[in-house]
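1. take this sequence and fold it.
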Amino acid sequence: MSEKYKIGVYEFNTYEEYLAAQEDVKKIDFLTKELDITDADVAVRLYTLIRNKEIVFRSKIGISFSWYVTDVLAQNSQILLEEKRQKEQNKQKGRKLGAAGLMCILAAVLCLGYYGVTLWQEHLESQEFERLQDMQNLTGHLIRDTYADEESGAGSAQDSGQAASAAKQKKTVKQKQKEQEEKKIDPADLTVLKKYKSLYEQNKDLAGWLSIAGTVIDYPVMQTGKKNPDYYLHKDFEKKESDHGTLFIDARNDYVNRDTNLIIYGHNMRDGTMFGGLKSFMDKDYYEQHQKLVFDTIYEKAEYRIVAVCLSKVNYQDDHTFRYYNFLNAESKEEFQAFLANIQQLTVFDQKIDISYGDELLTLSTCNSYIQDGRLFLIAKKE
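-> Residues are numbered from 1 along each chain as shown. Here you go, the predicted structure:
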């Protein structure tokens with residue numbers, strides 16, 4: 001059964017969504033403790049900050065709170081209108097609300113309605129962008145270029161030629177994919193290494209073992225299916241509840257038919273266990289003395305050399321920026337160079353990253369508090 005993360009009545013499918021919701025809860029708790037949101041002036045200021053994205057929420061809990069602020073503002077607008085009407089009646093002046101005042105109130109209500117619709121549209125658009133990005137990762141085509149081709153005008157001989165070329169390219173890609181499928185190794189045909197056979201019999205989620213000489217990192221590495229990718233965040237090797245969790249490979253990775261980049265996740269524990277020791281690699285001397293690591297899959301032994309220490313952050317749906325944790329495969333040299341150019345900007349040390357197209361990479365990823373939602377990751381290449 002797929003595990004879901006919960007906060008109150010809200011459920012989240014991924015751990016990243018759950019973390020985003022936790023951050024939103026902290027923001028909301030601070031705002032409600034420090035401010036009287038039911039006050040009209042406070043509600044207006046808060047609404048303005050949210051609308052101008054000076055206060056940003058990243059989850060459905062935050063969006064619900066934004067709707068609540070909108071409702072409070074709408075209610076206050078209505079109360080103010082009723083009070084004004086009552087005063088007019090008490091004064092028995094029989095005056096009606098001025099056209100300008102009424103227009104302002106109507107405009108405020110329309111703005112609130114527009115904001116609500118806009119908020120929802122932005123949410124849907126960000127989901128659509130994520131879906132398109134996933135398609136881009138699968139096909140290796142640039143979506144924006146596709147849109148540009150569609151808008152540039154159809155019917156010309158040049159467009160027809162491009163369409164034919166695209167169809168031919170699509171066919172070639174399909175043929176290539178078919179060939180790759182035919183060449184794929186079936187894990188059932190492989191034999192588990194003798195040194196891991198006993199452990200594998202205890203837990204068939206075992207994918208391999210990671211160790212870095214001179215550090216505490218010497219742990220099993222697990223992998224679960226895509227329906228429950230973060231299972232080992234809070235489970236030990238024996239599948240018991242654990243704050244330390246267990247190291248695990250990205251569920252999207254194929255370590256048998258080797259992806260370009262395997263990603264291993266682990267907690268940044270304060271006691272230094274799991275990936276708590278990775279922060280030591282931000283010291284250049286330490287990094288230079290601990291560049292060798294071993295990552296065996298249950299089928300194959302392998303040594304790696306750490307070539308980069310990088311800092312990044314979790315980027316949410318509306319950020320549309322480089323996500324190192326989405327780089328699993330390079331279908332072309334251009335894709336690999338784009339990845340290299342991005343991580344070169346994220347390195348802790350002023351160095352040229354020694355990797356090239358065709359290298360088999362390993363990324364170790366953990367949390368880091370240098371910035372909100374910060375991430376520390378090390379990149380190693382197979383020797």
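2. which phi and psi does S280 have?
-> Summarising the backbone geometry of S280 under the convention degrees, to the nearest 10, its torsions are phi -60, psi -20.
3. that one and N268 touch, don't they?
-> No. Using CB atoms under 8 Å, S280 makes no contact with N268, being 11.4 Å away. Placement of C-beta: from N, CA and C, glycine included.
4. for the two, indicate the residue with more neighbours.
-> N268 (20 against 13; other CB atoms under 10 Å).
5. can you pull up the bridge partners for that one?
-> Taking DSSP bridges, one obtains M274 as the residues bridged to N268.
6. how far away is it from V307?
-> Relative to V307, N268 is positioned 21 Å away (CB to CB, to the nearest Å).
7. let me know the pLDDT of the nearest residue to E300 once chain neighbours are set aside.
-> In this structure, E300 finds its nearest non-sequential neighbour in L193, 7.5 Å apart by CB to CB, 6 or more residues apart in numbering. Here the pLDDT value assigned to L193 is 97.
8. identify the residues contacting L193.
-> Going by CB atoms under 8 Å, 6 or more residues apart in numbering, L193 touches D296, I298, Y299, E300, K301.
9. want to throw those into JSON lines with pLDDT, secondary structure and distance to K382?
-> Output for the contacts of L193, formatted as JSON lines (pLDDT from 0 to 100; DSSP: H, G, I helix; E, B strand; the rest coil; distance: CB to CB, whole Å):
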{"residue": "D296", "pLDDT": "98", "secondary structure": "strand", "distance to K382": "12"}
{"residue": "I298", "pLDDT": "98", "secondary structure": "coil", "distance to K382": "17"}
{"residue": "Y299", "pLDDT": "97", "secondary structure": "coil", "distance to K382": "15"}
{"residue": "E300", "pLDDT": "96", "secondary structure": "coil", "distance to K382": "10"}
{"residue": "K301", "pLDDT": "97", "secondary structure": "coil", "distance to K382": "11"}
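10. any idea how many residues pack against F377?
-> If you count neighbours by other CB under 10 Å, F377 ends up with 23.
11. I figured it hits F327, correct?
-> No. In terms of CB under 8 Å, F377 does not count as a neighbour of F327; the distance is 10.8 Å.
12. for stretch 44-54, buried residues please.
-> V44, L46, Y47, I50, R51 (16 or more other CB atoms under 10 Å).
13. contacts only, for V256.
-> Residues in contact with V256, defined by CB under 8 Å, 6+ apart, are I185, P187, L190, T297, Y299.
14. okay, and E201 sits in which element?
-> In this structure, E201 sits in helix 194-202 according to DSSP states H and E.
15. what comes up buried for that helix?
-> Taking 16+ other CB under 10 Å as the neighbour-count basis, helix 194-202 is seen to contain the buried residues Y196.
16. what sits against F336?
-> Contacts of F336 were listed using CB under 8 Å, 6+ apart, and they are T260, A330, S356, Y357.
17. any quick ChimeraX command for the buried ones out of those?
-> A single ChimeraX command suffices to select whichever of the contacts of F336 are buried according to 16+ other CB under 10 Å:
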select :260,330
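18. ok, which pair from the contacts of F336 is furthest apart?
-> Put simply, by CB to CB the two of those set farthest apart are T260 and S356, 11.6 Å from each other.
19. strands along the stretch 151-300 of the chain, start to end?
-> Assigned by DSSP state E, counting those that start in this stretch, the stretch 151-300 of the chain shows strands spanning 206-211, 218-222, 247-249, 261-265, 292-297.
20. quick one: closest of those to Q337.
-> Taking the strands of the stretch 151-300 of the chain one by one with CB to CB, strand 261-265 is closest: 14.1 Å.
21. next, C367: phi, psi?
-> In terms of degrees, to the nearest 10, the main-chain angles of C367 are phi -80, psi 160.
22. tell me how many other residues crowd it.
-> By other CB under 10 Å, the residues close to C367 number 19.
23. OK, contacts around the nearest residue to it once chain neighbours are set aside?
-> When the adjacent residues along the chain are set aside, C367 lies closest to N268, with 4.6 Å between them (CB to CB, 6+ apart). Applying CB under 8 Å, 6+ apart, we find N268 in contact with M274, F275, G276, L278, K279, T366, C367, N368, L376.
24. in PyMOL, how would I select just the buried ones from those residues?
-> With 16+ other CB under 10 Å as the criterion, this PyMOL line picks the buried residues out of those:
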select buried, resi 274+275+276+278+279+366+367+368+376
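25. which is the next helix or strand following the strand ranked longest in the chain?
-> In the chain, with assignment by DSSP state E, the single longest strand is strand 303-313. Under the assignment DSSP H and E, the closest C-terminal helix or strand after strand 303-313 is helix 333-344.
26. in that following helix, what's buried?
-> Of the residues in helix 333-344, those with enough neighbours to count as buried (16+ other CB under 10 Å) are E335, F336, F339, L340, N342, I343.
27. still on that earlier bit, dump the buried residues of stretch 44-54 into a markdown table; add pLDDT and secondary structure as well.
-> Conversion of the buried residues of stretch 44-54 to a markdown table gives the following (pLDDT from 0 to 100; DSSP: H, G, I helix; E, B strand; the rest coil):
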| residue | pLDDT | secondary structure |
| --- | --- | --- |
| V44 | 78 | helix |
| L46 | 79 | helix |
| Y47 | 80 | helix |
| I50 | 82 | helix |
| R51 | 77 | helix |
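28. and which of those residues is nearest to V221?
-> Each of the buried residues of stretch 44-54 was scored against V221 by CB to CB, and I50 proved nearest at 41.7 Å.
29. what separation do you get for A330 and Y231?
-> Remark: distance between A330 and Y231 (CB to CB) = 28 Å.
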